[in-house]
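Colleague: No letters, just coordinates:
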């Protein structure tokens with residue numbers, strides 16, 4: 001399976017959210033999972049590979065004008081640390 005195939009789309013995030021919700025899991029957990037998945041897609045959007053935001057209607061990736069190469073620690077570590085820090089601050093409040 002291609003890494004950025006159907007699993008890397010908003011439609012999959014929605015399907016995952018619905019499955020989580022109907023499985024009876026805590027609704028806060030379902031929303032957090034959806035938010036995390038969508039934030040992952042947002043941070044993958046400006047990469048050179050882009051994201052197929054409109055899949056299955058339009059399968060080509062949509063890229064932003066400013067792109068970076070994914071997998072670079074210089075970019076991904078600050079993003080990851082920012083998300084973790086904001087999450088911890090939110091939980092602490």
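Modeller: It's in. From a predicted model like this one, the values you see are computed outputs, not experimental measurements.
Colleague: C-alpha only now, for contacts and for neighbours.
Modeller: Will do.
Colleague: Residue 87 versus the closest residue to residue 55 other than its chain neighbours, what's the distance?
Modeller: Nearest residue to residue 55, sequence neighbours excluded (Cα to Cα, 6 or more residues apart in numbering): residue 9, at 6.6 Å. Note on residue 9: its distance to residue 87, by Cα to Cα, to the nearest Å, is 23 Å.
Colleague: One more: residue 60?
Modeller: 32 Å.
Colleague: Please say which of these two ends up with more neighbours.
Modeller: Neighbour count, other Cα atoms under 10 Å: between residue 60 and residue 87, residue 60 has more, with 14 against 11.
Colleague: So what does the more buried one have for phi and psi?
Modeller: Note on residue 60: backbone dihedrals following degrees, to the nearest 10 are phi -70, psi 140.
Colleague: Helices of this structure, start to end?
Modeller: 10-22, 27-44, 73-92 (DSSP state H).
Colleague: Those: which one's closest to residue 4?
Modeller: Closest approach to residue 4 among those is made by helix 27-44 (9.6 Å; Cα to Cα).
Colleague: pLDDT score for residue 24?
Modeller: With respect to pLDDT, residue 24 scores 90.
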